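Participant: Could you work out the structure for the sequence below:
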Amino acid sequence: MPVRIGLVFTVAKPGAADWPYLNYDYVSRIKELLPKIMEAFPQVEFVPLVTWDEKGEFQKVEEFEASPWSPQLTAGLPTDVDGYVLYLLTEWAGQAGINSVLEKKKPTVMVDDIFGGTGNFLVYYPRARREGYPVIGVAPSNFSDALHAISLLVGVLRVKGSVILDVTDRDVAKGWADGLSSLGVTVKTVPSGEVAQEFGGVSDDEARPFYEKWVGGAYALKRVKEEDIMRSAKLHVALMKLAKKYGADAVAVDCWPLVAESERLPAYPCLSLTEMDNEGMVGTCEADLGAALTQLVIRRLMDRPSFTSDPVIDTSKNEIVYAHCRGPWKVFGKNGPSNPYVLRDHDETQKGVAVQSLMPLGEKVTTCRFWPETKTLLIHSGVAVKNINIGNERACRTKLGVKTDAYATMENYYRFPCTYYCWHRLTVYGDYRRNLEGAAALLGFRVYEEDIKYPMNT
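Facilitator: Alright, predicted model coming up:
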């Protein structure tokens, strides 16, 4: 279903002593803004309204433009929307309408049309944040910044309705169910037997294009068998068929107990999950549903892949190494360049096929994790400085070294609330800290900055 957003403009009546100035032409300003907003988000259904009086009444924009200030043409505030944009055009008028929107406690962007809505903005936006409403604010002199803030709202709202396909024989979803369902995310659990059955029906011809793509694009192959790569390709075809069957936006696989410990799955899923990340979907290791949520948010907001890691803190160099059995090789998105990668066996078992992605250096990266059950976002950032040498056999195959405040992150690592998979973090290429903190606010999550030095015992 399309995202539906209430777009509310505040205006002041003729003769009112208010910003921007006396008898300002609000009709022309709305006619200027509204088409630009709608053109920027053609996939969104906007419900445009104006509000101005002390009663908190609303009027449809088309009626306002045709007959401004007609009191008989009033409309209620729509509640069958996913969120709101409050576009503040005037200094003080429309306060009852602002309150009505905020009290719905739906994700909301508040925009100050500067030198117009500034008074209302600096009264109501801080108040909304103090009271814990899911709201972000922007006061832009550049209209593109207003569109960017709205894009964060659209991205967060697109998380609602997402389906995660969880391949596991355990009751992994139990600990996540309430937190994920509160965000409108559904988990569909699929046992390993169903995947194995689907795998058995995959032909060599179906799998061969992926085999050839992966082998042909690799920088090197190290201690991997051709038949294992082919089995990984067949598993990918099987998982994609199941994702289509269940309408999944993300696939999480409980890989360690299903492959490394028991071989209930016929191949390691690392190549398949990486292919999903490279091609615009979400693939998640270890049935980590919190990681899947984080990857979904990043994908909806920035349309980039992120990768799960077991962070390793190096206090000698003040760096963090993000280590895991795989990582995308299209870190800037599906249509971006590919970086080199090596197909290798797993370091823990020396079996199957893992991925060592040799990611770009000198780039800013953002590392985070959304915890739905505690409504928290953990976040830090840094600069990619090295890929750990291909000959290093210790720990997972992909190892990206990042310069950051490793000491602060180490001290904060378990200071903040989390329950499952506390070690894992998700890394995305780009300086997206503000975007992700904005998404957290719209979701009603609290933000904890892991690379900030907090007083001890707080």
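Participant: Okay, helices next: where are they in the protein?
Facilitator: Ranges of helices in the chain, per DSSP state H, are 26-40, 61-66, 95-102, 118-130, 143-159, 177-181, 192-200, 204-217, 226-246, 255, 270-278, 289-302, 406-412, 433-443.
Participant: Let's have those helices in TSV, adding mean pLDDT, mean neighbour count and distance to Pro340.
Facilitator: All C-beta spots, glycine's among them, are computed from the backbone N, C-alpha and C. Listed next are those as TSV, based on pLDDT from 0 to 100; neighbours: other Cβ atoms under 10 Å; distance: least, Cβ to Cβ, whole Å:
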stretch	mean pLDDT	mean neighbour count	distance to Pro340
helix 26-40	98	15	36
helix 61-66	91	17	53
helix 95-102	95	20	50
helix 118-130	97	17	44
helix 143-159	98	20	30
helix 177-181	85	16	36
helix 192-200	97	16	29
helix 204-217	98	14	9
helix 226-246	98	20	17
helix 255	90	25	24
helix 270-278	97	26	14
helix 289-302	96	26	23
helix 406-412	91	18	26
helix 433-443	98	22	27
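Participant: Which among those is found nearest to Thr374?
Facilitator: helix 177-181 (7.7 Å; Cβ to Cβ).
Participant: got the helices of the chain as a markdown table, with distance to Trp19 columns?
Facilitator: What follows is the helices of the chain, written out as a markdown table (distance: least, Cβ to Cβ, whole Å):
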| stretch | distance to Trp19 |
| --- | --- |
| helix 26-40 | 12 |
| helix 61-66 | 19 |
| helix 95-102 | 14 |
| helix 118-130 | 7 |
| helix 143-159 | 18 |
| helix 177-181 | 42 |
| helix 192-200 | 61 |
| helix 204-217 | 58 |
| helix 226-246 | 52 |
| helix 255 | 58 |
| helix 270-278 | 48 |
| helix 289-302 | 33 |
| helix 406-412 | 42 |
| helix 433-443 | 26 |
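Participant: Of all these, which one is nearest Gly336?
Facilitator: Comparing those by Cβ to Cβ, helix 270-278 comes nearest, at 9.7 Å.
Participant: Quick check: which helices or strands does the closest one pack against?
Facilitator: With contacts defined as 3 or more Cβ pairs under 8 Å, 6 or more residues apart in numbering; DSSP states H and E, the packing partners of helix 270-278 are helix 204-217, helix 226-246, strand 250-253, strand 282-285, strand 354-357.
Participant: Take the ones you listed and lay them out in a markdown table including distance to Val312.
Facilitator: Below are those laid out as a markdown table (distance: least, Cβ to Cβ, whole Å):
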| stretch | distance to Val312 |
| --- | --- |
| helix 204-217 | 27 |
| helix 226-246 | 26 |
| strand 250-253 | 23 |
| strand 282-285 | 16 |
| strand 354-357 | 15 |
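Participant: From the centroid of the chain, which residue is nearest?
Facilitator: Using Cα atoms, centre = their mean, the residue of the chain that lies closest to the mean C-alpha position is Val297, 1.5 Å off.
Participant: That one reaches Leu152, doesn't it?
Facilitator: No - judged on Cβ atoms under 8 Å, Val297 makes no contact with Leu152 at a distance of 10.1 Å.
Participant: Show me whatever sits in contact with both of those two.
Facilitator: Shared contacts of Val297 and Leu152 (Cβ atoms under 8 Å, 6 or more residues apart in numbering): Ala439.
Participant: Using PDB, write out the CA atom coordinates for stretch 166-176.
Facilitator: Extracted in PDB, the C-alpha atoms of stretch 166-176 (Å, rounded to 0.1, in the frame of the first residue of the first chain):
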ATOM      1  CA  ASP A 166      13.400 -15.900   9.100                       C
ATOM      2  CA  VAL A 167      15.000 -19.300   8.300                       C
ATOM      3  CA  THR A 168      15.400 -21.100  11.600                       C
ATOM      4  CA  ASP A 169      14.400 -24.200  13.500                       C
ATOM      5  CA  ARG A 170      14.400 -22.200  16.800                       C
ATOM      6  CA  ASP A 171      11.900 -19.800  18.200                       C
ATOM      7  CA  VAL A 172      14.100 -16.800  17.400                       C
ATOM      8  CA  ALA A 173      11.300 -14.400  16.800                       C
ATOM      9  CA  LYS A 174       9.900 -14.700  20.300                       C
ATOM     10  CA  GLY A 175      12.200 -12.100  21.800                       C
ATOM     11  CA  TRP A 176      11.600  -9.700  19.000                       C
END
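Participant: Show me what it is in contact with.
Facilitator: 180, 187-192, 195, 239, 251-254, 257-258, 264-265, 269, 287, 289-290, 372-373, 419-420.
Participant: Now do the contacts for Met276.
Facilitator: Residues in contact with Met276 (Cβ under 8 Å, 6+ apart) are 240, 251, 282-283.
Participant: ditto for Val185
Facilitator: 159-164, 293, 296, 372.
Participant: ok, now Cys325?
Facilitator: Taking Cβ under 8 Å, 6+ apart as the definition, contacts of Cys325 comprise 268, 270, 285, 346-347, 354-355, 396-398.
Participant: Those into a markdown table, with extra columns for distance to Lys225?
Facilitator: Converted to a markdown table, the contacts of Cys325 look like this (distance: Cβ to Cβ, whole Å):
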| residue | distance to Lys225 |
| --- | --- |
| Tyr268 | 12 |
| Cys270 | 14 |
| Cys285 | 22 |
| His346 | 13 |
| Asp347 | 16 |
| Ala354 | 13 |
| Val355 | 15 |
| Cys396 | 20 |
| Arg397 | 16 |
| Thr398 | 20 |
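Participant: Looking at these, which is nearest Trp92?
Facilitator: Cys285 (52.5 Å).
Participant: hmm, back to that, are any of the contacts of stretch 166-176 buried, and which?
Facilitator: For the contacts of stretch 166-176, a neighbour count by 16 or more other Cβ atoms under 10 Å gives the buried set as 180, 187-190, 192, 195, 239, 251-254, 257-258, 265, 269, 287, 289-290, 372-373.
Participant: Can you dump the C-alpha atoms of stretch 118-130 in PDB for me?
Facilitator: Extracted C-alpha coordinates of stretch 118-130, given in PDB (Å, rounded to 0.1, in the frame of the first residue of the first chain):
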ATOM      1  CA  THR A 118       9.900  30.500  13.300                       C
ATOM      2  CA  GLY A 119       7.900  31.500  16.400                       C
ATOM      3  CA  ASN A 120       5.700  28.400  16.400                       C
ATOM      4  CA  PHE A 121       8.600  26.200  15.400                       C
ATOM      5  CA  LEU A 122      10.800  27.200  18.300                       C
ATOM      6  CA  VAL A 123       8.000  26.800  20.700                       C
ATOM      7  CA  TYR A 124       6.300  23.600  19.600                       C
ATOM      8  CA  TYR A 125       9.300  21.600  18.200                       C
ATOM      9  CA  PRO A 126      11.300  21.600  21.400                       C
ATOM     10  CA  ARG A 127       8.100  20.900  23.400                       C
ATOM     11  CA  ALA A 128       7.300  17.900  21.200                       C
ATOM     12  CA  ARG A 129      10.800  16.500  21.600                       C
ATOM     13  CA  ARG A 130      10.700  17.000  25.400                       C
END
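Participant: Tell me which residues are up against that stretch.
Facilitator: The contact list for stretch 118-130 (Cβ under 8 Å, 6+ apart) reads 10, 19, 88, 90-92, 94-95, 98-99, 102, 108, 110, 112, 135, 137, 139, 441.
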